[in-house]
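Student: Predicted model and sequence below, questions to follow.
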Amino acid sequence: MWQAEHVSAQLRHAHAGLVVKLIPITTTGDKILDRPLAKIGGKGLFIKELEQALFDDHADIAVHSMKDVPVATPSGLAIPVILEREDPRDALVTRTGNGFEQLPKGATVGTSSLRRRSQLLAQRDDLDIRDLRGNVTTRVDKLERSEFDAIVLASAGLIRLGLSAKIAQRFTVTELVPAVGQGAIGIECRADDVDTQALIQVLHHPDSGIRVAAERAMSAFLDGGCDIPLAAHATLHEGVMTLVGLVASVDGRRIAREEITGPMDTGSDLGRALGASLVAAGAREILGELRGA
């Protein structure tokens, strides 16, 4: 809802007199909180009902966290706008305020992400990683009720909800490579709705769009989803993109990690090339085992 209200405010600021009506929709991913995402259908459960509202002309746009959006967009829909990206890093929230290295041996750490689980265990295999579902405030409440010693969340969500003071440590993008699209908000609409696309285009942030497209291209090459520990992070500097990708076993004992650089306007090609490099570095075997091949 914060994201929808943020986009609404930005659009009304950009277009004087524009009326924006919010249509709250509770998705399947919001309703099923007692099972890991990978076992109930993946990240697409957070957007399925929103996309149906677009198909039914019940809504003109849908606002998504890009890390929750599958890389394959349904025919007839498009995501033409990516807002300026918020901090893409993962954040550690603890009851004591201590950082990651100060967590006691065997500490319970909550996260619903296999990507986070694998990278945390690669650094500290003594941790007890437990599933944690629900929205940001629900997860923080569970921590404060002493159900966990620490939890790991996206920095962006905490910042947007005014909870950044609760962050004990922000992992660097080297320590924990972020999820594809983490920190970025996307706007989806019908592909043939040119009037709506013209209205929302003012919110598009080109550099953020290029970075997210490259990360999603890598994920698409590897047929990535929330059922595998996969990560990607793109940065831009003076027209050059650096793209880091990672595929890991769930226990964090095996990690394929590669990096590629090239012109920023070839981001999607770089993403696919990075996917191929990861396969050559052992990702194919890791993915095969994860998927039972």
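Tutor: Noted; the coordinates are in hand. Numbers count the residues shown, from 1 in each chain.

Student: so where's this structure shaky on pLDDT?
Tutor: 27-46, 225-226, 293 (pLDDT under 70).

Student: need the strands for it, in chain order.
Tutor: Taking DSSP state E, the strands of the chain run over residues 61-65, 77-82, 90-94, 108-110, 128-130, 150-154, 169-170, 185-190, 230-237, 240-248, 255-263.

Student: can you put those in TSV and add mean neighbour count and distance to residue 178?
Tutor: To be clear about C-beta, it is placed using only N, CA and C from the backbone, and glycine gets the same treatment. Formatted as TSV, the strands of the chain follow (neighbours: other CB atoms under 10 Å; distance: least, CB to CB, whole Å):
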stretch	mean neighbour count	distance to residue 178
strand 61-65	22	12
strand 77-82	19	15
strand 90-94	23	6
strand 108-110	22	17
strand 128-130	16	18
strand 150-154	25	8
strand 169-170	18	11
strand 185-190	23	15
strand 230-237	23	5
strand 240-248	23	9
strand 255-263	17	13
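
Student: will you turn those into CSV that also has distance to residue 283?
Tutor: Listed next are the strands of the chain as CSV, based on distance: least, CB to CB, whole Å:
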stretch, distance to residue 283
strand 61-65, 25
strand 77-82, 26
strand 90-94, 21
strand 108-110, 25
strand 128-130, 22
strand 150-154, 23
strand 169-170, 27
strand 185-190, 26
strand 230-237, 9
strand 240-248, 4
strand 255-263, 4
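
Student: Residue 176: which of the ones you listed is closest?
Tutor: Nearest to residue 176 among the strands of the chain is strand 90-94; the distance by CB to CB comes to 4.6 Å.

Student: didn't residue 210 look like it was pressed against residue 267?
Tutor: Yes - judged on CB atoms under 8 Å, residue 210 makes contact with residue 267 at a distance of 4.8 Å.

Student: Touching both of these two, which residues are there?
Tutor: 234, 241 (CB atoms under 8 Å, 6 or more residues apart in numbering).

Student: quick one, which of those two is more surrounded?
Tutor: The neighbour comparison of residue 210 against residue 267 (other CB atoms under 10 Å) goes to residue 267, with 24 against 19.

Student: Minimum distance to residue 276: which of the strands of the chain has it?
Tutor: Residue 276 lies closest, by CB to CB, to one member of the strands of the chain: strand 255-263, at 9.3 Å.

Student: List the strands paired with the closest one, with their directions.
Tutor: strand 240-248 (antiparallel) (DSSP bridges).

Student: Tell me what angle the strand it pairs with forms with strand 230-237.
Tutor: Angle, strand 240-248 to strand 230-237, by axes from the mean of the first three to the mean of the last three CA atoms, to 10 degrees: 170 degrees.
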